[in-house]
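In: Give me coordinates for this.
(chains A and B)
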2 protein chains.
Amino acid sequence: MQRKTILLDRARLEPLLPLDECIVAVEDAFRAHGEGRVAPPGLLHVEAPEGEFHIKAGVMDLGRPFFAIKINGGFFGNRANFGMPNIQGLLLLCDGENGYPLALMDSKAITVKRTGAATAVAAKYLARPESTVATICGCGTQGAIQLEALLRLFPLKKIHAHSRSAASMEQFAAENALRFGIAVHAAPDLETALADSDICVTCTPAKGALVRSEWVRPGTFVAAVGADSPEKQELDPALLKGNKVVADILDQCLQVGEIHHGVAGGYLRAEDVHAELGQVIAGLRAGRTSASEITIFDSTGTALQDVAAAMLVYRKVAETTDLQSFDFFAG
Amino acid sequence: MQRKTILLDRARLEPLLPLDECIVAVEDAFRAHGEGRVAPPGLLHVEAPEGEFHIKAGVMDLGRPFFAIKINGGFFGNRANFGMPNIQGLLLLCDGENGYPLALMDSKAITVKRTGAATAVAAKYLARPESTVATICGCGTQGAIQLEALLRLFPLKKIHAHSRSAASMEQFAAENALRFGIAVHAAPDLETALADSDICVTCTPAKGALVRSEWVRPGTFVAAVGADSPEKQELDPALLKGNKVVADILDQCLQVGEIHHGVAGGYLRAEDVHAELGQVIAGLRAGRTSASEITIFDSTGTALQDVAAAMLVYRKVAETTDLQSFDFFAG
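Out: Here you go, the predicted structure:
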């Protein structure tokens, strides 16, 4: 019986979570959810004076059950006030059969990669396979992983990088062109970029429509990734009307995310949402069925993805030596 | 700026949480809640195949804000199946100003002591000061701390120890008589014990009325501590009718706890609950106002108590050397 909790810092965790394997694990997690083999994950928000704590928890059966809970503090004055990251957090993985705390780890790489992985999985079912041009709105860490994850599945040749900051766009374009050996351009004019794009990913902290409905051409796949709290929004809610909208988890998307704004604005009803991603993966609902339809993935981020990614890390840890661990129950 | 998360095992934590100081800290926490200075704490349950994870989280201002989240696994076949404790868990304390994870610790001593402390605080306002005889239903770890906490505030001379197991009662009586130098007797007949008692504490895993309403004599203070999930119950709900009922946090008591059963059975309405404990401590509602009234404290256990106890530990840690710590964000 294990008697210690493994401790993983950012540096040790990073190489234990290869993006390719994360994509497979996230697809499997959503499939299990679509097939009704996973209980709905839990969400809790706790307000603090200058920020908030986002808590996501879920159990998943991966041969045997595992439980993960991710506790992220979001304090958007941190960088300016304290020189600290705005988001910091930990993930606790427990044995789902007896509750034992198996591992504690930094949550950053898990959040970043499982979010990129979900977009890639959604794109696999909802984007045109021959997609070659993508627009990435949001030129931060998440924008880069979104691009990397899409490149694992699509033969992208040209990327439009859009941001409110010219410097961010230029830096993102230069870094990623070099890194992936493809054309990446700064795209200050989003309308022009979208007129040329097969795929559009939004991963910004925007609190209002960034992507106008009329800018999105037929056949486009749009992944809306940024909105993870009720006031955040990236898409014109009119875009949700009459197009094929897929939620990661519908209950969550009705509380936060683009579907939430669409329903509030009367552009669609919950029952107009085409499917949850897991239902599409499981073959219970169709993915893309024509080259001309517009498909939209509302990604609010789920504990399912966190459990899947944490398990991937933990499985590799079991084969790793020289790890730190701690016995919390000694005494 | 702190750059590491302190790790505390059960043995190192225990002496950092003296019961007397825990009682004061818990009273202060409830007072702050009663005065509206604390946001309502959060609760989340996640089901696993053979058990469940209970998550309690809250923020409290103690000079500056602190956040604590306690994650307890409850797996009631653990002892029989794996030789492991049925309840195991960790508590994470974060800086409430920037989200930094300050400390991770075993949750057991915190849960046990903050629960005993809440009963003592409630008894201070709701029991007769000259109480000398108490009945403790439930002869486990929690029963012992309940007795210890009451002894800090009341001149108890005689204790009736009640349990379904004769062996548990006898062992509890022998151990606690020796430990506290007072008379502790096994009390298989609860009706007789209550006829002689000023205070009654229930801290069992019972799922049905244990204390009959007609057994409770005028002037008694009853603390119902065991019920922390909807199916658990220790009091005859008729006891709640017409007596002075105080909740730890009313919203929680309406979901789990004795008030929940009383309301479901039509014995009282939410508005019949006299007060929340914090309102009594803050002087906004009366405590006991006559020697003959029956007072009842419904203790479901709150994140407020956990934050208060964890802060007490953390303040002492700051003065302690030779501690283990870990930098989760290194890399």
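In: If you count neighbours, what's buried in the host helix or strand of A:Ala193?
Out: A:Ala193 is part of helix A:190-195 when elements are defined by DSSP states H and E. Residues of helix A:190-195 classed as buried: A:190, A:193-194 (neighbour count, 16 or more other C-beta atoms under 10 Å in any protein chain shown). C-beta: built from backbone N, CA, C; applies to glycine.
In: so how far is the helix or strand that comes right after it off the chain centroid?
Out: Next in sequence after helix A:190-195, counting helices and strands by DSSP H and E, comes strand A:199-202. Here strand A:199-202 is found 12 Å from its chain centre; the criterion is C-alpha atoms, centre = their mean, to the nearest Å.
In: what helix or strand does the spatially most central residue of chain A sit in?
Out: Against the mean C-alpha coordinate of chain A, by C-alpha atoms, centre = their mean, the closest residue is A:Thr115 at 2.0 Å. A:Thr115 is located in helix A:108-126, with elements delineated by DSSP H and E.
In: Pretty sure A:Ala309 sits against A:Ala25.
Out: Yes - here A:Ala309 reaches A:Ala25: they are 6.4 Å apart, a contact under C-beta atoms under 8 Å.
In: Show me the helices in the stretch 151-300 of chain A, by range?
Out: Remark: helices assigned in the stretch 151-300 of chain A by DSSP state H, counting those that start in this stretch are A:166-180, A:190-195, A:250-253, A:258-264, A:277-281.
In: closest to chain B out of those?
Out: Of all the helices of the stretch 151-300 of chain A, the one in closest proximity to chain B, counting by C-beta to the nearest C-beta, is helix A:250-253 (14.0 Å).
In: Now do the residue nearest to the centre of chain A against chain B, distance only.
Out: 19 Å (C-beta to the nearest C-beta, to the nearest Å).
In: Next: A:Gly51.
Out: 6 Å.
In: So for that residue, what's the nearest residue that isn't a sequence neighbour?
Out: Nearest residue to A:Gly51, sequence neighbours excluded (C-beta to C-beta, 6 or more residues apart in numbering or on different chains): A:Phe75, at 3.4 Å.
In: Could you tell me how many residues sit around that neighbour?
Out: 25 (other C-beta atoms under 10 Å in any protein chain shown).
In: circling back to that earlier point, name the residue in A:Ala309 and A:Ala25 with the higher neighbour count.
Out: Between A:Ala309 and A:Ala25, counted using other C-beta under 10 Å, A:Ala309 has the larger neighbour count: 31 against 25.
In: got a list of what whichever residue of the stretch 101-250 of chain A sits closest to chain B touches?
Out: Using C-beta to the nearest C-beta, A:Asp106 is the residue of the stretch 101-250 of chain A that sits closest to chain B, at 4.5 Å. The contact partners of A:Asp106, by C-beta atoms under 8 Å, 6 or more residues apart in numbering or on different chains, come to A:8-10, A:13, A:89-91, B:328-329, B:331.
In: Please indicate which of the residues you listed are buried?
Out: A:8-10, A:13, A:89-91, B:328-329.
In: Let me know the closest of those to B:Leu147.
Out: A:Leu90 (36.4 Å; C-beta to C-beta).
In: residue ranges with poor pLDDT in the stretch 51-200 of chain A?
Out: Of all residues in the stretch 51-200 of chain A, none has pLDDT under 70.
In: quick one: contacts for the nearest residue to A:Lys108 once chain neighbours are set aside?
Out: Leaving aside its chain neighbours, A:Lys108 sits nearest to A:Arg10 (6.1 Å; criterion: C-beta to C-beta, 6+ apart). For A:Arg10, the contact set (C-beta under 8 Å, 6+ apart) comprises A:106, A:108-109, B:328-331.
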